[in-house]
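1. dropping the sequence and predicted coords here.
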Amino acid sequence: MKVFILAALVAVVASQGYPKPQYPKPQYPKPEYPTPAYPAPAYPTPAYKTPAYPAPAYPSPAYAKTPEYAPMPYNFNWAVKDDPSYNDYTHQETADDKGYVTGSYRTLLPDGRTQIVDYKADDYTGYVADVKYDGEAKEYKPAYKPAGYPSPAYPSPAYPSPAYPSPAYPSPAYSAPKYPSPSYPSPAYPSPKYPTKY
């Protein structure tokens, strides 16, 4: 029992621990090194001369000029007239040696009117046209009428109805089986004998 109490006291003392000793921090003096007094190096500023390059002199390109020719005078006209197809056109144009062009053309329109255009053109005013119409507009009705073709009359095919003969199968002649009537022997049981009551 004493040993047990002693062991318990040792465990309690060991669990509390011993106080740590407080040692003062050592104070070391900082070393003071003398700053060396070196003179800063003085480098002379380089003096480079900027090279002077002469500006390039490119020769101006020499483009060949397009030769200018005087306007060539001309005169032409043409016409088309085909009544069955309703094609009726005319065109006439004239130009002088100064580039002044005049002309006119006429066209038969589908509504029956005729369009007449008188125009002129030069380098100053450009193209100027005067458009006029001759006649009255009418409803366009083609003169061509398709021919009336009769509807083809194809004869209806007359095929005879096929006559198939009726199949004649012979009736099967099955004879009914004849089984003999079974004859079972009557069982012969002995008559029971009951005891007589007295």
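-> Looks like it came in fine.

2. spatially central residue for this structure, please.
-> In the chain, the C-alpha nearest the mean C-alpha coordinate belongs to P110, at 42.9 Å (C-alpha atoms, centre = their mean).

3. thought it was touching Y86?
-> Yes - if you go by C-beta atoms under 8 Å, P110 and Y86 touch, sitting 7.4 Å apart. The way it works is simple: take the backbone N, C-alpha and C, and place the C-beta from them, glycine included.

4. please name the nearest non-neighbouring residue to D88.
-> L108 (3.7 Å; C-beta to C-beta, 6 or more residues apart in numbering).

5. what is the neighbour count of that neighbour?
-> 19 (other C-beta atoms under 10 Å).

6. and it, what's its pLDDT?
-> On pLDDT, L108 comes in at 89.

7. contact partners for it?
-> L108 sits next to 86-89, 114 when contact means C-beta atoms under 8 Å, 6 or more residues apart in numbering.

8. give me the low-pLDDT residue ranges for the chain?
-> Where the chain drops to pLDDT under 70, the residues are 1-4, 10-21, 140-146, 197-198.

9. hmm, back to that, and of the contacts of L108, the nearest to S161?
-> Using C-beta to C-beta, Y86 comes nearest to S161 of the contacts of L108, at 60.0 Å.

10. now the nearest residue to the closest one once chain neighbours are set aside: phi and psi?
-> Leaving aside its chain neighbours, Y86 sits nearest to L108 (6.5 Å; criterion: C-beta to C-beta, 6+ apart). Main-chain dihedrals, L108, degrees, to the nearest 10: phi -80, psi 120.

11. and the gap between L108 and S171?
-> 94 Å (C-beta to C-beta, to the nearest Å).
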